[in-house]
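> fold the stuff below for me.
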Amino acid sequence: MNDSELQRALTQSDLSACQKATVILWNESQNGQSGLTAYGLSKKMMALRVGNPNRAQLEKDLRKSPDVIKTSDRFQIRAGKTDHVRRLIKDAEDKPIVDLSEAYIPEEIWRGTRNYIEKIAVQLCGCWDQRFYDAAAVMLRRLAETLIIEAYEKLQRQNEILDKDHNYFMLGKLVDLACGDKGIYLGREAKTGLKEIKEHGDRSAHNRRINAVRPELERFRSLARTAVEELINIAQLKG
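Numbers count the residues shown, from 1 in each chain. Next comes the predicted model:
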């Protein structure tokens with residue numbers, strides 16, 4: 001595997017740092033390399049954006065691993081471990097591989113919130129990365145809807161956004177309430193961003209003759225980012 005393929009195999013995986021290092025060592029052996037030090041493995045993981053392990057702990061875990069051996073100062077994959085490594089990366093390969101370096105909403109904003117929110121954000125950014133712009137607009141709409149509800153619940157004001165059957169209002173009503181005089185004190189840019197998200201998300205979801213294009217999503221990207229970040233902060237979803 002080249003670095004891009006290796007990154008795809010490891011990104012979004014649930015593998016430990018030691019297991020990721022094992023996969024990297026196996027890949028090095030497939031490319032005729034003689035292994036890596038713990039420092040080299042740590043640098044490789046950071047370069048691939050698949051982790052930033054504690055080097056001392058990584059070395060300790062690799063010394064205990066039945067899958068690698070240490071020769072001089074370098075670790076190498078043990079012979080006969082190919083099938084084991086393939087099993088390690090099988091689950092990772094079944095998961096979406098998304099380049100988050102140019103994410104529609106920067107990863108730093110939503111990473112560390114809630115698992116279900118992160119999954120929505122990854123799907124949004126994956127659609128953006130793959131140029132599925134209608135899908136990106138719809139996922140952005142869903143993210144905004146989820147975060148508005150989270151904000152009201154954190155403020156213990158969820159009764160304000162429930163209908164007579166105790167179901168949450170649709171996004172249009174949620175945006176009107178959140179941005180209104182008795183809303184949740186969003187800034188001007190965040191309010192504008194929510195309205196743009198709603199408009200374009202609705203169009204992509206319901207208008208069968210119009211498709212979203214990159215320039216229109218790019219036009220309000222900064223506003224959408226502001227809206228998402230303010231809602232995350234109001235809902236206190238990080239820290």
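
> contacts and neighbour counts: CA atoms only from here.
OK.

> tell me the confidence at the nearest residue to residue 179 once chain neighbours are set aside?
Spatial nearest neighbour of residue 179, chain neighbours left out: residue 191 (5.7 Å); criterion: CA to CA, 6 or more residues apart in numbering. For residue 191, the pLDDT comes out at 98.

> same check on residue 239?
Residue 239 carries a pLDDT value of 70.

> with residue 213 instead?
Confidence at residue 213, expressed as pLDDT, is 98.

> next one: stretch 224-237 to chain centre, how far?
Taking the mean of its C-alpha atoms, stretch 224-237 sits 16 Å from the chain's own mean (CA atoms, centre = their mean, to the nearest Å).

> quick one: contacts of it?
105-106, 109-110, 112-114, 143-144, 147-148, 150-155, 186, 189-191, 193-194, 196-197, 238 (CA atoms under 8 Å, 6 or more residues apart in numbering).

> check stretch 210-220 too.
Stretch 210-220 is contacted from outside by 131, 133, 134, 137, 193, 196, 200, 203, 204, using CA under 8 Å, 6+ apart.

> can you do 10 Å?
104, 128, 131-137, 189, 192-194, 196-197, 200-201, 203-205, 221, 224, 226 (CA atoms under 10 Å, 6 or more residues apart in numbering).

> cool, and stretch 108-118?
For stretch 108-118, the external contacting residues (CA under 10 Å, 6+ apart) are 100, 107, 119-124, 142-143, 146-147, 225-226, 228-230, 232-233, 235-239.

> equivalent analysis for stretch 119-130, please.
12, 96-107, 109-111, 115-118, 131-143, 146, 214, 217.

> which ChimeraX command selects the buried ones in these?
To isolate the buried ones among the contacts of stretch 119-130 in ChimeraX, judged by 16 or more other CA atoms under 10 Å, type:
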select :12,97,98,99,100,103,104,105,107,109,110,111,117,118,132,133,134,135,136,137,138,139,140,141,142,143,146,217
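
> just the contacts of stretch 119-130: which are in helices?
Counted as lying in helices by DSSP state H, out of those, are 107, 109-110, 115-118, 133-143, 146, 214, 217.

> mind checking how far the spatially most distant residue from the centre of the chain is from residue 104?
Distance from the centre of the chain peaks at residue 72, with 38.3 Å (CA atoms, centre = their mean). Note on residue 72: its distance to residue 104, by CA to CA, to the nearest Å, is 45 Å.

> residue 69 should be in a strand, yeah?
Yes: checked against DSSP: H, G, I helix; E, B strand; the rest coil, residue 69 lies within a strand.

> which strands and helices sit next to whichever strand or helix holds residue 40?
Secondary structure from DSSP states H and E places residue 40 in helix 38-48. Where contact means 3 or more CA pairs under 10 Å, 6 or more residues apart in numbering; DSSP states H and E, helix 38-48 is packed against helix 3-10, helix 17-30, helix 55-64, strand 74-77.
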